[in-house]
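# From the sequence below, what's the structure:
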Amino acid sequence: MQSPRVRFAVVVASAAVIGASGFVSASQAQEDVDLVHIGAVQGSIADGDTDFSSPLAGQTVYVQGVVTQETLDPSGNRGFFLQERAGDTDGDPLSSDGIFVFNNQFTTVRTLNGSPAQEELGANWTVNVGDEIVVRATVGDYFGNVQFSGGSTFVYDVLATGLDPLAEVAAAEVDPPDDATASKEYFRRHLGMQMTVPADSVVTAGRDVFSSGGEVWAMRGDADAALQEGYAGRSFRDAHPLDTAPGAFDDGNGYLFVIGDLGIRATEDRLDSIIAPAKTFDVISEAGTGGVYLSFAKYAVEVSEDLVLEGGLDPSENQPVQPAGKKEVAIGSYNIENLYDTRDNPNSGCDFEGNPGCVDAEDPEGNVNPPFDYVPGSYEEYEARMQREAAQIVDDLHSPAILMTQEGEAQDVCEVNPAWSKHADLGEDRLVCDLVNTGDANERSDGAPDSLQELALIIAEHGGPTYEAAGDLDAADTRGIMTGFLYQPKLAELSSVKHRDPIFGADPDVDYPTEADEINADVQNPKALNAALPQTVIDQCTSSGVYACNGFDVFSRPAQVAKFDLKDKHGKKKDEIYLINNHFSSTPNARVLHRTEQATYLAAISAAILDRDWKAKVLAGGDLNVFPRPDDPFAEGQPIAGDWVGPSDQLAALYEDSGLSSLYDLMVEDHPEAAYSYTFSGQAQTIDQLWASPRLLKVVESATSAHINSDYPADAYGFGEEPAYGSYGVSDHDPEVVTFRLN
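Sure, this is the predicted structure:
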């Protein structure tokens with residue numbers, strides 16, 4: 001290790017000479033330099049503070065610190081963390097002693113004209129971990145991350161080289177408080193500083209993958225949640241009975257923290273490096289250290305070395321789905337997460353790069369400008385994804401008689417190749433398509449959405465049963481995703497419907513106080529239903545926040561109803577069931593007013609069925625994008641907007657006016673540790689739901705979420721990585737299955 005230069009001792013000694021703007025360094029060559037503590041740049045964060053901006057924002061300052069770590073993101077942008085020596089800080093525990101320097105794609109920083117650094121190094125200093133430097137920089141802010149930018153940062157002096165940063169600077173062990181607000185203050189007080197993730201920390205959510213890299217949520221091994229037994233040893237949203245703070249609302253489980261991979265990528269000097277694939281319950285067996293960075297409103301410890309993991313409990317074994325027994329039938333709901341094919345749909349202007357885009361005056365938020373992100377990189381990638389979903393449907397869901405799907409592609413320009421068989425190995429030629437003609441002129445349109453139809457074929461190739469695909473393309477939003485149905489013809493068939501049918505006929509009996517959409521007059525099964533939003537809602541619609549609206553209809557993705565005749569193993573009709581398939585607007589604490597209307601309209605559809613036949617078996621569900629009671633994005637009395645306060649109770653109409661009961665209540669009573677369908681911010685939660693009518697509820701044998709996706713790491717194809725857990729993690733939602741007795 002190279003020793004610090006002689007003048008470094010002078011600088012340290014001079015640190016005791018404090019002036020109004022900081023301590024005055026004696027190392028200057030040509031003029032006095034007023035050094036400011038990094039803590040003064042970051043600002044002191046008192047308990048209860050909500051303004052985390054720098055008190056010196058926009059000012060040009062001189063600071064001194066050790067380069068503790070470099071960062072690299074997938075786009076090639078670089079940066080480094082700068083932190084004061086442990087003995088040379090401002091001594092304020094409420095302020096951070098480190099700061100991030102964003103350096104674009106450069107590996108050097110310019111030296112200041114006339115500075116000691118320029119005299120010794122020339123025009124540029126090469127970023128080097130272990131150097132102690134003095135920089136002149138302008139205090140900036142990037143979405144809350146107080147930082148310096150390489151464009152306005154100059155190296156004034158290099159005081160030492162070859163230092164071991166972790167021997168010189170403080171690197172506290174991550175130990176955030178339980179309360180979310182206090183936790184945010186805690187991490188803000190360490191922004192830009194090195195922190196250590198202790199060994200024995202437990203993963204609470206599998207790795208998410210973003211364009212900026214990957215992240216893993218974790219908690220300390222001695223956290224109360226980690227000490228719960230078995231599958232209860234994880235983090236649940238506060239309303240869940242297994243949350244560790246009973247009776248509290250939205251303490252946010254502040255003990256959770258994020259581990260990122262900007263440091264890993266810099267250490268390995270590879271753009272396609274990504275953090276190790278982790279699943280919920282894995283244990284981090286070796287401590288790791290990195291700088292605290294704020295991005296996407298999350299504070300992440302950007303460790304320098306990859307995670308070393310020991311496998312914990314297998315989430316898929318947490319109350320797994322059981323096969324339907326004799327005289328039973330199983331129906332599932334499965335968000336297949338943007339299952340788009342690689343064919344350019346002639347009916348869509350926003351399907352592929354080079355398309356002009358889609359604009360809808362009735363759904364401006366859904367406007368799509370190409371290139372469109374959901375098209376797979378290749379047919380092989382698309383096929384591999386379908387194979388994984390098919391494996392889940394057959395092996396983990398045990399081939400339900402019917403599947404309600406969400407987020408399939410709204411495209412019907414293909415039909416099954418007559419040469420197809422489950423052993424033919426046709427690949428992309430499973431379907432034959434007309435990619436030229438549009439609308440009714442298309443020669444291959446057959447009434448079955450293409451991605452679902454192809455998935456059905458791959459299910460059979462996997463050794464599963466024969467499924468058929470069905471769906472009304474009017475259930476799609478502007479970007480082209482829709483709900484749909486897969487069903488086994490030997491166990492279920494679409495019921496015939498008549499012109500005067502109260503749901504599927506030309507004039508549905510759905511009691512909603514606005515004009516029905518034109519699609520409601522279509523006589524068909526399945527059938528999409530929609531209506532205009534009430535004018536009182538439209539008058540409040542905004543582009544974001546709780547009043548945000550996805551256009552001016554109740555649904556941007558219309559609810560879709562199907563009626564099936566259910567059969568026994570001999571093909572004899574034994575029962576019938578109505579299915580109402582939904583995909584509500586996203587973000588539980590936004591679009592609140594709009595989603596409340598969607599629940600109201602869904603309740604009206606169900607009520608219309610049950611008013612005509614109170615004995616009808618109705619199953620409604622899908623991705624409702626909000627939590628069941630008693631969970632809510634807003635606490636009682638918490639301001640939502642103006643004098644509107646929580647709880648928002650967005651599904652109130654389903655509880656009170658639909659005639660349906662939430663099967664989540666059965667799940668949380670029977671197996672609370674498995675009562676969730678999604679993970680977000682490291683917490684298990686429920687946004688995918690099933691609701692049953694009284695006659696159906698009487699014959700329900702089980703209702704289960706299959707934990708085969710949300711607890712596993714997302715695909716990282718963009719980083720050159722194959723799935724780490726086989727078929728698991730192919731979607732971000734866990735499928736749900738209800739099993740009930742046939743008449």
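# Okay, helices next: where are they in the stretch 401-550 of the chain?
Secondary structure of the stretch 401-550 of the chain by DSSP state H, counting those that start in this stretch: the helices cover 450-461, 535-538.
# Direction included, what does the next helix-or-strand element following the last one pair against?
In the C-terminal direction, the helix or strand that comes right after helix 535-538 (DSSP states H and E) is strand 559-567. Paired neighbours of strand 559-567 in the sheet (DSSP bridges): strand 492-494 (antiparallel), strand 527-529 (antiparallel), strand 573-583 (antiparallel).
# how about strand 559-567: buried residues?
559-564, 566-567 (16 or more other Cβ atoms under 10 Å). The way it works is simple: take the backbone N, C-alpha and C, and place the C-beta from them, glycine included.
# Could you dump those residues into CSV with pLDDT and distance to residue 469 added?
Below are the buried residues of strand 559-567 laid out as CSV (pLDDT from 0 to 100; distance: Cβ to Cβ, whole Å):
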residue, pLDDT, distance to residue 469
559, 98, 19
560, 98, 13
561, 98, 17
562, 98, 12
563, 98, 17
564, 98, 14
566, 97, 18
567, 95, 18
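# With distance to residue 194 added, can I get the residues you listed in a markdown table?
Below are the buried residues of strand 559-567 laid out as a markdown table (distance: Cβ to Cβ, whole Å):
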| residue | distance to residue 194 |
| --- | --- |
| 559 | 51 |
| 560 | 52 |
| 561 | 56 |
| 562 | 56 |
| 563 | 61 |
| 564 | 59 |
| 566 | 61 |
| 567 | 64 |
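# which one of those sits closest to residue 689?
residue 559 (13.8 Å; Cβ to Cβ).
# roughly how far apart are the closest one and residue 109?
Distance, residue 559 to residue 109, using Cβ to Cβ, to the nearest Å: 56 Å.
# next one: residue 348
47 Å.
# most packed of the strands paired with strand 559-567?
Burial of these is given as mean neighbour count (mean count of other Cβ atoms under 10 Å); strand 527-529 ranks first at a mean of 26.
# ok now it, how far from the chain's centre?
28 Å (Cα atoms, centre = their mean, to the nearest Å).
# on that earlier part again, any chance of CSV for the strands paired with strand 559-567, columns distance to residue 401 and mean pLDDT?
As requested, the strands paired with strand 559-567 are exported to CSV (distance: least, Cβ to Cβ, whole Å; pLDDT from 0 to 100):
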stretch, distance to residue 401, mean pLDDT
strand 492-494, 5, 98
strand 527-529, 20, 98
strand 573-583, 10, 97
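# would TSV of those with distance to residue 58 be doable?
Output for the strands paired with strand 559-567, formatted as TSV (distance: least, Cβ to Cβ, whole Å):
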stretch	distance to residue 58
strand 492-494	65
strand 527-529	53
strand 573-583	44
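# Show me where the protein dips below the pLDDT cut-off.
Along the chain, the parts satisfying pLDDT under 70 run over 1-31, 247, 250-251, 361-366, 370-373.
# Please repeat the previous calculation with a cut-off of 50.
Within the chain, the ranges that satisfy pLDDT under 50 run 1-30.
# And the helices in it, which stretches?
When secondary structure is read from DSSP state H, the chain shows helices at 6-14, 38-42, 116-121, 165-168, 180-188, 262-268, 379-391, 450-461, 535-538, 592-612, 652-657, 664-670, 694-697.
# Which of those sits closest to residue 725?
That would be helix 379-391 among the helices of the chain, by Cβ to Cβ, at 9.8 Å.
# which strands and helices sit next to the closest one?
In this structure, helix 379-391 packs against strand 328-339, helix 450-461, with contacts taken as 3 or more Cβ pairs under 8 Å, 6 or more residues apart in numbering; DSSP states H and E.
# Could you provide these in CSV, with additional columns for distance to residue 492 and mean neighbour count?
Listed next are these as CSV, based on distance: least, Cβ to Cβ, whole Å; neighbours: other Cβ atoms under 10 Å:
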stretch, distance to residue 492, mean neighbour count
strand 328-339, 8, 24
helix 450-461, 14, 24
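# right, and those - which one's nearest residue 732?
Between those, strand 328-339 lies closest to residue 732; by Cβ to Cβ that is 5.7 Å.
# got the angle for that closest one vs helix 450-461?
130 degrees (axes from the mean of the first three to the mean of the last three Cα atoms, to 10 degrees).
# neighbouring strands for strand 328-339, and are they parallel or not?
Here, using DSSP bridges, strand 328-339 pairs with strand 402-409 (parallel), strand 736-741 (antiparallel).
# ok, and what's touching stretch 263-278?
69-76, 78, 203, 206-207, 209, 213-216, 259-261, 290-291, 302-309, 713, 716, 718-721, 724-725 (Cβ atoms under 8 Å, 6 or more residues apart in numbering).
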